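Asks: Curious how this folds, go ahead:
(2 chains)
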Amino acid sequence: MGKRTVLYDSHVAAGARMVDFGGWDMPVNYGSQIDEHHAVRTDAGMFDVSHMTVVDLEGARVREFLRHLLANDVAKLKEPGKALYSCMLNNQAGIIDDLIVYFMRDDWFRMVVNAATHDKDLAWITQQAQPYGIKLTERHLAMVAVQGPHAREKAATVLPAALRAPALALKAFTAAEGEGLFVGRTGYTGEDGFEIMIPAEQAADYWQRFMKAGVKPAGLGARDTLRLEAAMNLYGSDMDEGVTPLESGLAWTIAWEPHDRDFIGRKALTAQRDAGPKRKFVGLLLEDKGVLRGHQRVVAEGVGEGEITSGTFSPTLDRSIALARVPVATGDEVQVDIRGRLCKARVVKPPFVRNGKALVKV
Amino acid sequence: MSKIPADLKYTKSHEWVKLGADGVATVGITDHAQSALGDLVYVEAPKKGRKLKAGESCAVVESVKAASDVYSPLAGEVVEGNDALADAPEKINQDAYGAWLMRLKLANPADLNGLLDAKAYEKLLADEAH
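Replies: Take a look at the predicted model:
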């Protein structure tokens, strides 16, 4: 038996097929993951993401610390509630994790990091925070991600009255808190929506009320097809400590300016940037029938070989898609070794889908 | 609880077989199999004329989650593969016993007796669940 979130019983009651996910018993689907996927793209779906790690960092030097810890620059966050997405690097510029950090107050920032990297991340952050006198507190909150074009309006009907208007007024990548809840206009699906932190003892009740408001429970299966269509990286598959952001399609998350910001991994990353990375991160669209999967070999004729980092079948495009790490000189067409057969795939610039619309020509 | 029609025969690898009057068997995957795989997105049925041994891998069904080989329950020759499934693999999820994969002219219809009946398959599923 793995770890269980406070919503475990709600999932079982809703007919979920439960699987092990990094030591947690999580719902993979409640029936059809393709239906759940379409519900998020066209209406509103919700995911239990309570397994993720929420850490509060407090102290007079928090901002200074985070500007050293993270490859993106929290100095960009000027309004309370504003958040950004960043990689956390080691000294070799390898990615320890990807995360979202919220600026709440000059002496308080909140970070959400992955579930599978919980121990590693907290040990690293604790160690790095030593010289700065930071108070680190892990929050054991439930978290529900409500996603889709109608997600915010449906979720808002369930929120406490005082929080309703502030939540609906949130701009993208900004959070508001009140009445014990923390609402961020963030997500991992490529659709608009909220990620809502809820006190554990209230979570099951909120889950039921979201359902009554017309939000469809969605599991990890749909979560993976949605995030891949949106070309959102999955730590552990698309990147790990052995690769840098420059080889993972995450160059946009690096804040090189100001020049004198000494973030962990800067030296090694600069060296790679100046030498020119040898590999690039691309999207693939399978031209034949079949399914692309992680670790499949990618062949770029005359250039070399790469590897698929994540692959799946895209319900929105009705075709298989993947993210892959390939030699930097790879052109527009490649072949992928699918169980011994070489299949044609087209190289495309991710994302594949955003806000319900296909961005690539199928 | 998955459906297990009483009039069919079954294999340990979750295929079902229905013998026709002319010695041609219809083969597919069971309701349990389609449920375990999840939404199917790709089906490769065997080609007409292919000669198969019992237990030989003859088709592929692929869901978002995983690809799964389908094994021929008995020896015989493929008289028809259900190519229509290539465009509508979800039919197997909707009706596992209606969405057949292949029609097989059996080398020896008596071989059917070596397969599991509905009760034995039901027991297999119950044992597998533990």
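
Asks: Tell me where chain A has helices.
Replies: Under the criterion DSSP state H, chain A contains helices at A:8-13, A:33-42, A:62-69, A:118-129, A:151-156, A:161-169, A:200-212, A:220-229, A:266-275.

Asks: Kindly report the residues of chain B close to chain A.
Replies: Proximity of chain B to chain A, by C-beta under 8 Å from any C-beta of the partner chain, involves residues B:38-39, B:41-42, B:62, B:64-65, B:67, B:86, B:90, B:93. To be clear about C-beta, it is placed using only N, CA and C from the backbone, and glycine gets the same treatment.

Asks: Go ahead and flag the most central residue of the chain.
Replies: Picked chain A for this. Geometric centre of chain A, nearest residue: A:Tyr188, 5.0 Å, by C-alpha atoms, centre = their mean.

Asks: sorry, should have said chain B
Replies: Among the residues of chain B, the one closest to the centroid is B:Gly28, at 2.6 Å (C-alpha atoms, centre = their mean).

Asks: How is the nearest residue to that residue once chain neighbours are set aside assigned, secondary-structure-wise?
Replies: In space, B:Gly28 comes closest to B:Trp100 once its chain neighbours are excluded; the distance is 4.5 Å by C-beta to C-beta, 6 or more residues apart in numbering or on different chains. When classified by DSSP: H, G, I helix; E, B strand; the rest coil, B:Trp100 comes out as coil.

Asks: pretty sure B:Trp100 is touching B:Asn82, no?
Replies: Yes: between B:Trp100 and B:Asn82 there is a contact under C-beta atoms under 8 Å: 5.7 Å.

Asks: Mind telling me what element the nearest residue to B:His14 once chain neighbours are set aside is part of?
Replies: Leaving aside its chain neighbours, B:His14 sits nearest to B:Ala33 (3.9 Å; criterion: C-beta to C-beta, 6+ apart). With secondary structure defined by DSSP states H and E, B:Ala33 is part of helix B:31-37.

Asks: Contacts made by the helix or strand that that helix is followed by with the rest, please.
Replies: Toward the C-terminus, helix B:31-37 is succeeded by strand B:40-44 as the next helix or strand (DSSP H and E). Surrounding strand B:40-44, the residues in contact under the criterion C-beta atoms under 8 Å, 6 or more residues apart in numbering or on different chains are A:289-291, A:313, A:320, B:34, B:59-64, B:67, B:85-86, B:89-90, B:92-93, B:101.

Asks: what about A:Ala75, how many neighbours?
Replies: A:Ala75 sits with 14 neighbouring residues when counted by other C-beta atoms under 10 Å in any protein chain shown.

Asks: And it, what's its pLDDT?
Replies: The score at A:Ala75 is 98. That number is its pLDDT.

Asks: need the contact list for the residue nearest to it when sequence neighbours are not counted.
Replies: Setting aside the residues directly before and after it, A:Ala75 is nearest to A:Arg67 in space (C-beta to C-beta, 6+ apart), at 6.1 Å. Applying C-beta under 8 Å, 6+ apart to A:Arg67 gives the contacts A:73-75, A:261, A:263.

Asks: out of the helices of chain A, nearest to A:Val362?
Replies: Shortest separation from A:Val362 across those is recorded for helix A:220-229, at 12.1 Å, computed as C-beta to C-beta.

Asks: Which strands or helices does the closest one pack on?
Replies: Counting contacts by 3 or more C-beta pairs under 8 Å, 6 or more residues apart in numbering or on different chains; DSSP states H and E, helix A:220-229 is packed against strand A:24-29, helix A:33-42, strand A:45-48, strand A:304-314, strand A:319-327.

Asks: Out of those, which one sits most buried?
Replies: The highest mean neighbour count among the helices and strands packed on helix A:220-229 belongs to strand A:45-48 (a mean of 28), with neighbours defined as mean count of other C-beta atoms under 10 Å in any protein chain shown.

Asks: so, in contact with chain B or not, that strand?
Replies: No: residues of strand A:45-48 are not located near chain B by C-beta under 8 Å from any C-beta, the shortest gap being 15.3 Å.

Asks: starting at the chain centroid, how far to that strand?
Replies: Using C-alpha atoms, centre = their mean, to the nearest Å, we find the averaged C-alpha position of strand A:45-48 to lie 14 Å away from the chain's own average C-alpha position.

Asks: Other residues contacting that strand?
Replies: With contact meaning C-beta under 8 Å, 6+ apart, strand A:45-48 is reached by A:5, A:7, A:10-11, A:26-27, A:36, A:39, A:142-148, A:151, A:207, A:210, A:215-220, A:222-223.

Asks: Over to stretch A:112-126?
Replies: Counting by C-beta under 8 Å, 6+ apart, residues outside stretch A:112-126 touching it are A:21-24, A:51-55, A:57, A:69, A:88, A:90, A:96-101, A:111, A:136, A:138, A:195, A:235-236.

Asks: can you list the residues of chain A near chain B?
Replies: A:28-29, A:32-34, A:221, A:224-225, A:289-291, A:293, A:312-313, A:320, A:339.

Asks: Could you count how many residues lie near residue 9?
Replies: I'll assume chain A. The burial count assigned to A:Asp9 is 12, neighbours taken as other C-beta under 10 Å.

Asks: My question was about chain B, not that one.
Replies: By the other C-beta under 10 Å criterion, the neighbourhood of B:Lys9 contains 23 residues.

Asks: How about the one 5 residues further on?
Replies: Residue crowding around B:His14 was assessed by other C-beta under 10 Å; the count is 24.

Asks: Can you give me the buried ones in stretch A:176-192?
Replies: Neighbour-count burial for stretch A:176-192, counted by 16 or more other C-beta atoms under 10 Å in any protein chain shown, picks out A:176-177, A:181-192.

Asks: contacting residues around A:Gly356?
Replies: The neighbours of A:Gly356, taking C-beta under 8 Å, 6+ apart as the test, are A:41-42, A:149, A:191, A:316.

Asks: and what of B:Ala118?
Replies: With the criterion set at C-beta under 8 Å, 6+ apart, B:Ala118 makes contact with B:4-8, B:10.

Asks: What pLDDT does the model give it?
Replies: At B:Ala118, the model reports a pLDDT of 96.

Asks: and the closest residue to A:Pro277 other than its chain neighbours, how many residues sit next to it?
Replies: Distance criterion C-beta to C-beta, 6+ apart; nearest residue to A:Pro277, sequence neighbours excluded, is A:Leu246 at 4.6 Å. A:Leu246 sits with 19 neighbouring residues when counted by other C-beta under 10 Å.

Asks: Ok, B:Gly98 next?
Replies: The local packing count at B:Gly98 equals 9, with neighbours defined by other C-beta under 10 Å.

Asks: residues in contact with A:Lys82?
Replies: A:Lys82 touches A:102-103, A:173-174, counting by C-beta under 8 Å, 6+ apart.

Asks: between the residues you listed, which is closest to A:Ala167?
Replies: Distance to A:Ala167, by C-beta to C-beta, is smallest for A:Thr174 among the contacts of A:Lys82, at 10.3 Å.

Asks: Bridged to the residue of the stretch 201-350 of chain A found nearest chain B, which residues?
Replies: Using C-beta to the nearest C-beta, A:Phe313 is the residue of the stretch 201-350 of chain A that sits closest to chain B, at 4.3 Å. On the basis of DSSP bridges, A:Phe313 takes part in beta bridges with A:Ser320.
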